[in-house]
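Asker: No sequence on hand, only this structure:
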């Protein structure tokens, strides 16, 4: 946990955001010290999963951590999908999206002496249209991966404390206990029926 100005930031390195009890521990521990994190910050390299659906799955697990802790998350992913996620799990559309590759292409087109003014304007228009689409492909709805881009947005702080942060994994333990009771009841009922059948013969 570190502080920047008046904000408390909780860093999650690489795949730490995929482990629910670890993230809960960070948030709950900070809350006990009266330093509740305002934002979870996930710095990761998803290069291990180049071109696979793991990039999207890693983003989705980050959404779950934000909802479980009711804490927004900022993801900076150098070879995956960067995003700003609010405490309700909504992946926000950035107010400013700067596509570095488009900026470089615009700069190159502006300085290319071999292009006519008409060609330069056509190239500039096509690059600007591509730049406006943001970090989600409008044709497929899929997140763009490995963008050389900057996302700028206001991170909506969330002061709520979730039931999961307060109580932990009790629900899973309760489900396990209920399953065990049902199994024991079923086995004892079957044993009684067999015994009754054996005594009746």
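Answerer: Ah, there it is. Fair warning: this is a prediction, and the values are worked out from it, not measured in the lab.

Asker: Could you pull up the contacting residues of residue 11?
Answerer: 1-2, 41-43 (CB atoms under 8 Å, 6 or more residues apart in numbering). C-beta coordinates here come from the backbone N, C-alpha and C atoms, glycine included.

Asker: May I have the strands that pair with the helix or strand where it lies, each with its orientation?
Answerer: Residue 11 belongs to strand 7-13 when elements are defined using DSSP states H and E. Partners of strand 7-13 in the sheet, by DSSP bridges, are strand 2-4 (antiparallel), strand 39-44 (parallel).

Asker: on that earlier part again, could you export the contacts of residue 11 as CSV, including distance to residue 12?
Answerer: Below are the contacts of residue 11 laid out as CSV (distance: CB to CB, whole Å):
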residue, distance to residue 12
1, 11
2, 12
41, 7
42, 5
43, 8
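
Asker: Any quick ChimeraX command for the buried ones out of those residues?
Answerer: Remark: buried members of the contacts of residue 11, expressed as a ChimeraX selection using 16 or more other CB atoms under 10 Å:
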select :41,42
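
Asker: where does residue 151 land in three-state SS?
Answerer: Assigned with DSSP: H, G, I helix; E, B strand; the rest coil, residue 151 falls in the strand class.

Asker: isn't it right next to residue 81, touching?
Answerer: No - with contact defined as CB atoms under 8 Å, residue 151 does not count as touching residue 81 (10.5 Å).

Asker: between the two, who's got more neighbours?
Answerer: Neighbours per residue (other CB atoms under 10 Å) separate residue 151 from residue 81, with residue 81 holding more: 23 against 20.

Asker: ok, that one touching residue 75?
Answerer: Yes - using CB under 8 Å, residue 81 is in contact with residue 75, at 7.3 Å.

Asker: Mutual contacts of those two, please.
Answerer: With CB under 8 Å, 6+ apart as the test, residue 81 and residue 75 both reach residue 59.

Asker: gap between the spatially most central residue of the chain and residue 174?
Answerer: Nearest to the mean C-alpha position of the chain, by CA atoms, centre = their mean, lies residue 62 at 2.4 Å. Applying CB to CB, to the nearest Å, the value for residue 62 to residue 174 is 26 Å.

Asker: Need the pLDDT of residue 182.
Answerer: Here, the pLDDT recorded for residue 182 equals 96.

Asker: secondary structure class for it?
Answerer: From three-state DSSP, the assignment for residue 182 is helix.

Asker: How many residues are close by it?
Answerer: Using other CB under 10 Å, residue 182 has 10 other residues around it.

Asker: try the one 10 residues further on
Answerer: The tally of other residues near residue 192 (other CB under 10 Å) stands at 10.
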